[in-house]
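> Fold the following and give me the result.
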Amino acid sequence: ERMLIKLKITQKAIKTINRINYNMNSKYTDVKQALPFNFHPGRFDVICGKGKKCFDHSGNQQLRKTTQFFLEEYSHSKTKIEKSRIVTKIIQIVQRQSPEGGFVKLDAPSRQWYKVSDHLAREKVGQQFRDSLHTKYRSSTKAKKRIRVSQQEDAAMNMTIVLLNNEKIQKIIDDINSKVTKTMADGQFTQVFTSANLKILNELKNNLR
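This next block holds a predicted model:
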């Protein structure tokens, strides 16, 4: 029992040390940095914000492509630390492409651009992964639905062809048409159609044998 307790403590300590080392290596900080007043987001800068202007900016488009590249690896990561490392990798890619900027945000009242904190940059990348995964699963669901509808339509068409080409079934249908009238009572109408449906089903079963 003491050995088990010691093993659990050791495993917990290793996880704590790994987390501390990871945070130190990623240079995690919550401080935003003011950029020069003449700064304007370049083609690789990612603008943090909402709206079409941010979404359409070339750097934001590039971020979506980059997260798409790592999406499979991210979705199969089993721990938060593994996912966090992928996020760090993407942030480093953006920062290397645009060392003067990176992840930036405009302070509207002062018109001052800032390099956002690591926390906000990580949140931006994480949100992009969540959006991509949501789109992926939604697209997969829609694709499966389209396939299912197509299969149902094909089955209905095949059934129609079988019905039209089977003389016995056609005679049953003609018999129904001759018996049904506008003045027929509901009970009699139901009885005629139930009997005809049973005959058609039996005939279809015979064709399948």
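> So which helix or strand of the protein has the lowest pLDDT on average?
Least confident helix or strand, the chain: helix 2-25 with a mean of 50, by mean pLDDT, DSSP states H and E.
> Can you name the residues that contact the residue of the chain most remote from its centre?
Most distant from the centre of the chain: Thr183, at 55.5 Å, with distances by Cα atoms, centre = their mean. For Thr183, no residue meets the contact criterion (Cβ atoms under 8 Å, 6 or more residues apart in numbering). Using the backbone N, CA and C atoms, a C-beta is placed for each residue, glycine as well.
> likewise Ser110?
Contacts of Ser110 by Cβ under 8 Å, 6+ apart: none found.
> Check the secondary structure at it for me.
coil (DSSP: H, G, I helix; E, B strand; the rest coil).
> Give me the distance between it and Gly102.
The gap separating Ser110 from Gly102 is 20 Å, by Cβ to Cβ, to the nearest Å.
> Now the one helix or strand Ile173 maps to: buried residues?
Take DSSP states H and E as the rule and Ile173 turns out to sit in helix 167-179. Buried residues in helix 167-179, defined by neighbour count with 16 or more other Cβ atoms under 10 Å: 169, 172-173, 176.
> again, but for stretch 197-207
Judged by neighbour count using 16+ other Cβ under 10 Å, the buried positions of stretch 197-207 are 199-200, 203.
> For these, give me TSV that also has secondary structure, distance to Gln128 and pLDDT.
Conversion of those to TSV gives the following (DSSP: H, G, I helix; E, B strand; the rest coil; distance: Cβ to Cβ, whole Å; pLDDT from 0 to 100):
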residue	secondary structure	distance to Gln128	pLDDT
Lys199	helix	60	84
Ile200	helix	56	79
Glu203	helix	58	79
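> which one among those gets closest to Arg130?
Ile200 (51.6 Å; Cβ to Cβ).
> Tell me which stretches of the chain form strands.
33-34, 46-47, 103-107, 112-115 (DSSP state E).
> out of those strands, deepest packed?
strand 46-47 (a mean of 28; mean count of other Cβ atoms under 10 Å).
> tell me what it is packed against?
helix 58-75, strand 103-107 (3 or more Cβ pairs under 8 Å, 6 or more residues apart in numbering; DSSP states H and E).
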